[in-house]
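Peer 1: Okay, structure incoming, though there's no sequence with it:
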């Protein structure tokens, strides 16, 4: 008698369908963020100490500005582009740093990386006569890299190795020390003190097409490095041993992702000054929307960071008319309460 095999249960398409729905939902969120960014860019061009109409905006885009309103629009266009690029760079830098360190508190400002880039630029201006944006970028990246390495080394000392709390404390202490050095360098130099202090606040008001062109290659390179390591950062979240078991070259991947984050942070700081909390707030907000997949998180962080910095710039122009608040002040006002909330949610004693 022929024995018949038991009928096979049909393969359930549910996981595949779920992944497709998830991808569609993420794509929808990404499109919504992109639309929000476009609206904010339009508002940034039209709104300021003096609002301008659509006719003047179109005239400024069409040719050389003739009237006062058109001249204002022409000045706001590079400012808006700089806010978009810097915000995207800081958002992606924060996402990469949090992925590399597995630290929810990682951020270029909190870890002192911004301050390291600031000190390098200030020393270059005071003692080596640096003036161009390109030279600023190189020394800012070098300062950011040295600071990141120092903070990670300090945070790794002692029992238990690297922990989020130790990294945050090491970054805060290093940032405070470097800030004191910046003051020590600037105080005796009255010829540069005014410009440096204004730059230290962090702002995009001085953006020009020339400075954007000089810094753009560095930003593109940083974005590319972070995107290349997106899958590796997902594996790293499972732990170094498991990531290595999955075939990841952990040390090399961590080095490449860190380099991308440092390049983005240093380049953005060179042209805008140190702007805090964007790299902290943006990745956390994006994770609430799309989860922890870095292949989605990095593009989301880029667009959300650009939207946050552009919105902060517009707010800074409106709340203090006819003067304005630098964007670094606005992001600090938004980011400080958010940082406190994260610390409370993470239960610092357990970090």
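Peer 2: Nice, I can see it. Please read these numbers as outputs of a predicted model, since none were measured by experiment.
Peer 1: Going by secondary structure, the closest residue to residue 326 other than its chain neighbours is in what exactly?
Peer 2: Leaving aside its chain neighbours, residue 326 sits nearest to residue 203 (3.7 Å; criterion: CB to CB, 6 or more residues apart in numbering). Where C-beta positions appear, they are placed from N, C-alpha and C, glycine not excepted. If you go by DSSP states H and E, residue 203 is not part of any helix or strand.
Peer 1: how many neighbours does residue 203 have?
Peer 2: Residue 203 is flanked by 25 other residues according to other CB atoms under 10 Å.
Peer 1: show me where pLDDT drops low in this protein?
Peer 2: Applying pLDDT under 70 to the chain flags the ranges 1-21, 49, 51, 53-72, 343, 345-351.
Peer 1: What does the most centrally placed residue in it show for phi and psi?
Peer 2: Centroid-nearest residue in the chain: residue 90, 1.1 Å away (criterion: CA atoms, centre = their mean). Backbone dihedrals for residue 90, given as degrees, to the nearest 10, come out at phi -70, psi -40.
Peer 1: what's the answer for residue 106, then?
Peer 2: For residue 106, the backbone dihedrals (degrees, to the nearest 10) come out as phi -70, psi 140.
Peer 1: Then the one 5 residues further on?
Peer 2: Listed backbone geometry of residue 111 is phi -80, psi 0, with angles given as degrees, to the nearest 10.
Peer 1: next one: residue 137
Peer 2: The phi/psi pair for residue 137 (degrees, to the nearest 10) is phi -60, psi -50.
Peer 1: residues in contact with it?
Peer 2: Neighbouring residues of residue 137 by CB atoms under 8 Å, 6 or more residues apart in numbering: 214, 215, 218, 266, 267, 270, 271.
Peer 1: now the helices for this protein?
Peer 2: Using DSSP state H, the helices found in the chain span residues 14-46, 54-62, 68-101, 113-128, 133-156, 164-186, 190-201, 209-228, 230-236, 240-245, 250-272, 278-290, 294-318, 327-346.
Peer 1: what's the closest of these to residue 107?
Peer 2: Taking CB to CB, helix 278-290 is the member of those nearest to residue 107, at 3.7 Å.
Peer 1: How far off centre is the closest one?
Peer 2: Remark: helix 278-290 is offset 11 Å from the chain centroid, using CA atoms, centre = their mean, to the nearest Å.
Peer 1: Next, the buried residues of that helix.
Peer 2: Within helix 278-290, the residues that count as buried by 16 or more other CB atoms under 10 Å are 278, 279, 280, 281, 282, 283, 284, 285, 286, 287, 289, 290.
Peer 1: Need the residues you listed in JSON lines (columns: distance to residue 256).
Peer 2: Converted to JSON lines, the buried residues of helix 278-290 look like this (distance: CB to CB, whole Å):
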{"residue": "278", "distance to residue 256": "22"}
{"residue": "279", "distance to residue 256": "18"}
{"residue": "280", "distance to residue 256": "22"}
{"residue": "281", "distance to residue 256": "25"}
{"residue": "282", "distance to residue 256": "21"}
{"residue": "283", "distance to residue 256": "18"}
{"residue": "284", "distance to residue 256": "23"}
{"residue": "285", "distance to residue 256": "25"}
{"residue": "286", "distance to residue 256": "21"}
{"residue": "287", "distance to residue 256": "22"}
{"residue": "289", "distance to residue 256": "26"}
{"residue": "290", "distance to residue 256": "23"}
